[in-house]
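**Q** this one's structure only:
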């Protein structure tokens, strides 16, 4: 069948090629439905992202605590507040391979806070959450090496 015949037959009623396109209203309804579905997925996934970041903070703090234990084993002291956690990423004579590869940052790209002495322990490692300020709930909650672990 040549193009002319197909084109000419498209004008006849009942021809399979004689379909009309979608109206603007139909297209807008489909776009709104897709938008609503995307919003629902985003809302549901956000909770998992927050939980994942908080789990990473807990894992990072455990790694830092282990590195501090290694530092203590070699130097018989914990780093001072002036030295901070940066000293755990620097090679030295006694530790040619440092306990950490780089100064640690939390998932919100803020450095972990280090206090020596800590509130209830010889030291404390703290992440102030997404807002970077003390206190808060949810994604802004503070997590520290002294936070009780849930069983």
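**A** Done, it's in. These numbers come from a predicted model, not from an experiment.
**Q** host element of the nearest residue to residue 92 once chain neighbours are set aside?
**A** With Cβ to Cβ, 6 or more residues apart in numbering as the measure, residue 98 is the residue that lies nearest to residue 92, at 7.6 Å, once sequence neighbours are left out. In this view, the C-beta of every residue, glycine as well, is placed from N, C-alpha and C. When elements are assigned from DSSP states H and E, residue 98 belongs to no helix and no strand.
**Q** OK, contacts around residue 98?
**A** By Cβ atoms under 8 Å, 6 or more residues apart in numbering, the contact set of residue 98 is 88-92.
**Q** residue 75 reaches residue 99, doesn't it?
**A** No: Residue 75 is not in contact with residue 99 according to Cβ atoms under 8 Å; the separation is 11.3 Å.
**Q** which one's more surrounded, the two?
**A** residue 99 (18 against 13; other Cβ atoms under 10 Å).
**Q** you'd agree the more buried one is up against residue 86?
**A** No: Residue 99 lies out of contact with residue 86 (Cβ under 8 Å); the separation is 11.9 Å.
**Q** may I have the distance across stretch 115-126, first residue to last?
**A** Length of stretch 115-126, first residue to last, Cα to Cα, to the nearest Å: 8 Å.
**Q** now the helices: where do they sit in this protein?
**A** If you assign secondary structure with DSSP state H, the helices in the chain sit at 3-9, 24-75.
**Q** which of those helices sits closest to residue 140?
**A** For the helices of the chain, the distance to residue 140 is smallest for helix 24-75, at 10.0 Å, taking Cβ to Cβ.
**Q** what's the mean pLDDT across the closest one?
**A** The average pLDDT for helix 24-75 rounds to 91.
**Q** what separates that helix from the chain centre, distance-wise?
**A** Offset of helix 24-75 from its chain centre (Cα atoms, centre = their mean, to the nearest Å): 4 Å.
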